[in-house]
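In: Here is the input, now give the coordinates:
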Amino acid sequence: MPHILHIDASARPGFAGKDNHGSHSRNLSHRFVSQWQSRRAQDSITYRDIGQNPPSIIDHDWIAAAFTPEEKQEPWMADVLAESDELTGELIAADILVIGTPLYNFGMPAALKAWIDQVVRMGRTVDIDESNPLDPYVAKLADRPRHAVILTARGGVGFNPGAQMAHMNHLEPNLATALEFIGITRFHYIAIEGQEVGGELLAESVADAMQQVDTLVDELQATFAEASHLETV
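Out: Predicted coordinates for the structure are as follows:
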């Protein structure tokens, strides 16, 4: 049974259309998870709201601890890395990573960057092969197929690949680079645009994105059902 790690990164705690200044990205991520559970209630889900409870920013002590071999670590280093251990453990356990995030100033929210910095970690999600200095990095999460569902909300319009503002969108490409580095290679992107414009343009974008979420749930559930069938024959 697939396990889902659901992450919300929006600084807005509520839901667009329901709460004042509510979040469109939360609407998308919760739509995905609720649709998934309505058809596969047996699958497990871990939820982490980093928008309201941001991970710690890495500092000197974190770097010293993370880059010290485990057998040489001092007792205080385990305490420093406890949060990272928990976050990486959640990610390692996941078959599907669902991230709901807004586009802030052409990139990801600070809380999401802090999460990335905590989970891209030597010895936990990536290793180094010293015998191959030209390409030394070994992605530890490439041990099985994992999917990343990136659900975004943007104030402007035209940030999709090939559109007029695509060159200014550093959210999805940044996430893909970091996640591919540790072994997650199957990506699915859905975005809402026009939040600052509002009106019919936003309404149409929201409706289209919700439909895309429902379709993606169907497709991924079929993928996992087929994989489960192949394992049993």
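In: tell me the contacts of D127?
Out: Taking C-beta atoms under 8 Å, 6 or more residues apart in numbering as the criterion, D127 is in contact with Y137, V138, K140. Yep, even glycine has a C-beta here, placed from its N, CA and C like the rest.
In: Among those, the buried ones, what's the PyMOL command?
Out: Those of those that count as buried under 16 or more other C-beta atoms under 10 Å are selected in PyMOL with:
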select buried, resi 140
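In: Among the contacts of D127, which lie within strands?
Out: Secondary structure assignment by DSSP state E places Y137, V138 of these in strands.
In: Among the contacts of D127, which one sits closest to G14?
Out: Comparing those against G14 with C-beta to C-beta places K140 closest, at 36.4 Å.
In: quick one: the closest one and M122 touch, right?
Out: No. Counting by C-beta atoms under 8 Å, M122 is not a contact partner of K140; they are 9.7 Å apart.
In: ok, N169 - contacts?
Out: Neighbouring residues of N169 by C-beta under 8 Å, 6+ apart: L103, F106, R154, F159, N160.
In: hmm, I was thinking of A166
Out: Contact criterion C-beta under 8 Å, 6+ apart gives G158, F159, N160 as the residues in contact with A166.
In: same deal with Y137?
Out: Under the criterion of C-beta under 8 Å, 6+ apart, the contact list for Y137 reads V126, D127, I128, D129, F181.
In: for G198, same thing?
Out: Taking C-beta under 8 Å, 6+ apart as the definition of contact, G198 has no neighbours.
In: Lowest-scoring secondary structure element of this protein by mean pLDDT?
Out: Lowest mean confidence among the helices and strands of the chain (mean pLDDT, DSSP states H and E): helix 199-232, at a mean of 90.
In: so where does H188 fall, helix or strand?
Out: With secondary structure defined by DSSP states H and E, H188 is part of strand 186-192.
In: And the helices in the protein, which stretches?
Out: Along the chain, counting by DSSP state H, helices occupy 24-39, 60-66, 75-80, 82-93, 110-119, 172-182, 199-232.
In: Can I get those helices in a markdown table including distance to G51 and mean neighbour count?
Out: Output for those, formatted as a markdown table (distance: least, C-beta to C-beta, whole Å; neighbours: other C-beta atoms under 10 Å):
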| stretch | distance to G51 | mean neighbour count |
| --- | --- | --- |
| helix 24-39 | 8 | 21 |
| helix 60-66 | 21 | 15 |
| helix 75-80 | 24 | 13 |
| helix 82-93 | 15 | 17 |
| helix 110-119 | 6 | 21 |
| helix 172-182 | 15 | 18 |
| helix 199-232 | 19 | 14 |
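In: Spatially central residue in the protein, please.
Out: To find the centre residue of the chain, average its C-alpha atoms and take the closest one (C-alpha atoms, centre = their mean): that gives I99, at 3.7 Å.
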